[in-house]
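*Asks:* I'd like to go over a predicted model; first the sequence, then the structure.
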Amino acid sequence: MSVISRRAFLGATALSVLAACTATSGADGPLVLPGDRRIGQVEAGRRVTGRIRPVTLTAMAGQVDLGGPVVTTWTYDGVLPGREIRATAGDVIEARLINRLPTDTSIHWHGVALRNDMDGMPGLTQPPIARGTEFTYRFTAPAPGTYWFHPHTGTQLDRGLYAPLILDDPDEPGRYDTEWVVVLDDWIDGTGSTPDDIFAALRRSAGHRMSMHGTDDAGDRSLGGHAGDVTHPYHLINGRIPTAPVTFTAKPRQRVRIRFINAAADTAFRVALGGHRLTVTHTDGYPITPVDTDALLIGMGERYDVLATLGDGVFPVVALAEGKGAGAFALARTGAGAPPGPESRPPELAGTIAGYPDFESAASVALPAKPPDVVHRLALTGGMMRYDWGIDGRAGDLTTRERIQEGQRVRIEFANTTMMWHPMHVHGHTVQLSGHGPRKDTAIVLPGKTLAGEFDADNPGQWMIHCHNAYHAEAGMTTVLGYHT
Ligand SMILES: [Cu+2]
């Protein structure tokens, strides 16, 4: 942990005061815990429409057809992805989770700045939901956008336990005619190994070999190192392999809003819609000044909303598993014609790829300029050889290491000292990348690089910060951002 007071930060030699200032944290007040009254007070201040959106989810084991291969896995209600939850910002989501898995579970509402006691982190914000029991998550949906949900228990998200959560904007200008939700995944469960087997193998192979990482092709370079730790046999769009794709439909010349969600455990996807340019409108749910691009690179946990004006015919939706020599595939149909094949590689994939430096927050969600009150610099540490991924050289536990106070402007700096990229996810807040950048709750930090951003501490509680590579998080690349009084 490193804490720098505002005065020290504004001084010239921030690094030299790191050690000195950590000592002052002993003077902090007690932590604001999930059960504290303040959590309910902040919830009461959220905008409400008065509508309740009840949902029941049953986490269960069962068989799923990926479009040929039938796998035994864990899902919500037997379908893959789980059924989308759709509500309007200001609605109260009341999600009853029935746990019929052989072990305990939880649900994390990824990207949602919700009340802390509903964040779904077992041992931190709630007890684990034991097998054979149930738990009801009840929270006001605070801001519109494209979100998703998944367990925060072990490697469960690399099974089939995930689904979109779409929060509509009550003030949506509606500049589109139709909408597609495109959920990307890498798949291994039920093909001879479970995600737990894979994690155990990664740990066992530590120090011996590095045979499980991706191939050394062009994709590796875009992520600055090896692209992933695991070779997944399948890559899916909305639960289907490329030879049995889903078909999205619309009419020619319609404007479609596509919501991309990367639900994978270990795979960044490079996505494109053959024959079309994409206009990026939202990053992780938040609007940006629109930017045109041919393709996007989407890390695990990230979401992008794009607009496209559709041509007439059948077009490939391709999500290349970056650096892994494989991909996911779907069809976009607006008219007659023979469908492109599952091996389609439209030229857009090799075109422009808009990235963080190209995006800036829309004025409606941009943070007002203000110097940070506190800076936390998190060194991403560890490596493939020892499989000792961590933060500041520590494997994760649930100790609060990054202390902040309500009302502060907080600056987070992720300094990647490792040889691999990491999609870093902050719970309960959406960070604005520095330099008027986009709002993000999950952002790719390239090897050897530092990525910084700021947020306003307006959601008290205890929150995870972690790598969204499911295997890195399980190894311990996690820390806790905690409010104190
Ligand atoms: Cu990582």
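*Replies:* Okay, I see it. Numbering: from 1, shown residues only.
*Asks:* the closest residue to the ion within the stretch 101-250 of the chain: how many residues sit nearby?
*Replies:* Using CB to the ion, the closest approach of the stretch 101-250 of the chain to the ion is made by residue 229 at 8.8 Å. Bear in mind the C-beta positions are built from the backbone N, C-alpha and C, glycine included. Per other CB atoms under 10 Å, the neighbour tally for residue 229 reads 24.
*Asks:* what's the answer for residue 189, then?
*Replies:* Around residue 189 there are 26 residues (other CB under 10 Å).
*Asks:* just residue 51 next, same as before
*Replies:* When neighbours are counted by other CB under 10 Å, residue 51 comes out with 12.
*Asks:* go ahead and confirm it touches residue 93.
*Replies:* No. Checked against CB atoms under 8 Å, the pair residue 51 and residue 93 is beyond contact range at 9.9 Å.
*Asks:* which residues are in contact with each of these two?
*Replies:* Contact criterion CB atoms under 8 Å, 6 or more residues apart in numbering; residues shared by residue 51 and residue 93: residue 87.
*Asks:* just grab the bridge partners of residue 105 for me.
*Replies:* Assessed by DSSP bridges, residue 105 has beta-bridge partners residue 129.
*Asks:* and it, what does it touch?
*Replies:* With CB under 8 Å, 6+ apart, residue 105 has these contacts: 59, 97, 99, 128-129, 151, 153, 156, 161.
*Asks:* out of those residues, what pair is the most spread apart?
*Replies:* 128 and 161 (14.4 Å; CB to CB).
*Asks:* helix or strand for the spatially most central residue of the chain, which one?
*Replies:* Residue closest to the mean C-alpha point of the chain, counted by CA atoms, centre = their mean, is residue 301 at 1.8 Å. For residue 301, there is no helix or strand it lies in under DSSP states H and E.
*Asks:* over to the one 3 residues further on?
*Replies:* Secondary structure from DSSP H and E places residue 304 in strand 303-309.
*Asks:* now the element after that strand, going C-ward?
*Replies:* Heading C-terminal from strand 303-309, the first helix or strand you meet, by DSSP H and E, is strand 314-321.
*Asks:* can you show me the CA trace of that following strand as PDB?
*Replies:* C-alpha atoms of strand 314-321 as PDB (Å, rounded to 0.1, in the frame of the first residue of the first chain):
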ATOM      1  CA  VAL A 314     -25.400 -11.000 -44.200                       C
ATOM      2  CA  PHE A 315     -22.200  -9.900 -42.300                       C
ATOM      3  CA  PRO A 316     -19.700 -11.600 -40.000                       C
ATOM      4  CA  VAL A 317     -19.400 -10.500 -36.400                       C
ATOM      5  CA  VAL A 318     -15.900 -11.700 -35.500                       C
ATOM      6  CA  ALA A 319     -14.200 -11.600 -32.100                       C
ATOM      7  CA  LEU A 320     -10.600 -12.800 -32.500                       C
ATOM      8  CA  ALA A 321      -9.100 -14.300 -29.300                       C
END
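*Asks:* and that strand, what does it pack against?
*Replies:* strand 178-187, strand 234-237, strand 269-273, strand 326-333 (3 or more CB pairs under 8 Å, 6 or more residues apart in numbering; DSSP states H and E).
*Asks:* and it, which strands flank it?
*Replies:* Strand 314-321 is paired, per DSSP bridges, with strand 269-273 (antiparallel), strand 326-333 (antiparallel).
*Asks:* find the closest residue to the ion in the stretch 301-450 of the chain.
*Replies:* residue 422 (3.3 Å).
*Asks:* skipping its backbone neighbours, what lies nearest that residue in space?
*Replies:* Excluding the flanking residues, the one nearest residue 422 by CB to CB, 6 or more residues apart in numbering is residue 467, at 4.5 Å.
*Asks:* show me the contacts for the one you found.
*Replies:* Residue 467 neighbours (CB under 8 Å, 6+ apart): 380, 389, 422-425, 473, 477-478.
*Asks:* related to what we said a few turns ago, mind listing what's buried along the strand holding residue 304?
*Replies:* Within strand 303-309, the residues that count as buried by 16 or more other CB atoms under 10 Å are 303-308.
*Asks:* would you turn the residues you listed into TSV with distance to residue 396 and pLDDT?
*Replies:* TSV is the format used below for the buried residues of strand 303-309 (distance: CB to CB, whole Å; pLDDT from 0 to 100):
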residue	distance to residue 396	pLDDT
303	24	98
304	28	98
305	31	98
306	34	98
307	38	98
308	39	98
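*Asks:* phi, psi of residue 358?
*Replies:* Main-chain torsions, residue 358, degrees, to the nearest 10: phi -90, psi -10.
*Asks:* quick one, what contacts it?
*Replies:* Counted by CB under 8 Å, 6+ apart, residue 358 has contacts 291, 293.
*Asks:* just residue 58 next, same as before
*Replies:* So residue 58 contacts 76-77, 97-98, 100 (CB under 8 Å, 6+ apart).
*Asks:* quick one: the helix or strand containing it to chain centroid distance?
*Replies:* Assigning secondary structure by DSSP H and E places residue 58 in strand 52-65. Taking CA atoms, centre = their mean, to the nearest Å, the mean C-alpha location of strand 52-65 is offset from the chain mean by 20 Å.
*Asks:* spell out which parts of the stretch 201-350 of the chain neighbour the ion.
*Replies:* Not one residue of the stretch 201-350 of the chain sits near the ion, judged by CB under 5 Å from the ion.
*Asks:* domain map for this protein?
*Replies:* 4-30+364-483, 52-168, 178-358 (automatic domain parsing).
*Asks:* compare the mean pLDDT across those and name the weakest.
*Replies:* Lowest mean pLDDT of those: domain 4-30+364-483, a mean of 87.
*Asks:* surely residue 378 meets residue 417?
*Replies:* No. Counting by CB under 8 Å, residue 378 stays clear of residue 417, with 10.4 Å between them.
*Asks:* between those two, which has more neighbouring residues?
*Replies:* A side-by-side neighbour count of residue 378 and residue 417, using other CB under 10 Å, places residue 378 first with 23 against 14.
*Asks:* report how many residues lie close to residue 445.
*Replies:* Around residue 445 there are 24 residues (other CB under 10 Å).
*Asks:* returning to that earlier point: pick out whichever of the contacts of residue 58 sits closest to the ion.
*Replies:* Closest approach between those and the ion, by CB to the ion: residue 76, at 25.4 Å.
*Asks:* thanks a lot, see you next time.
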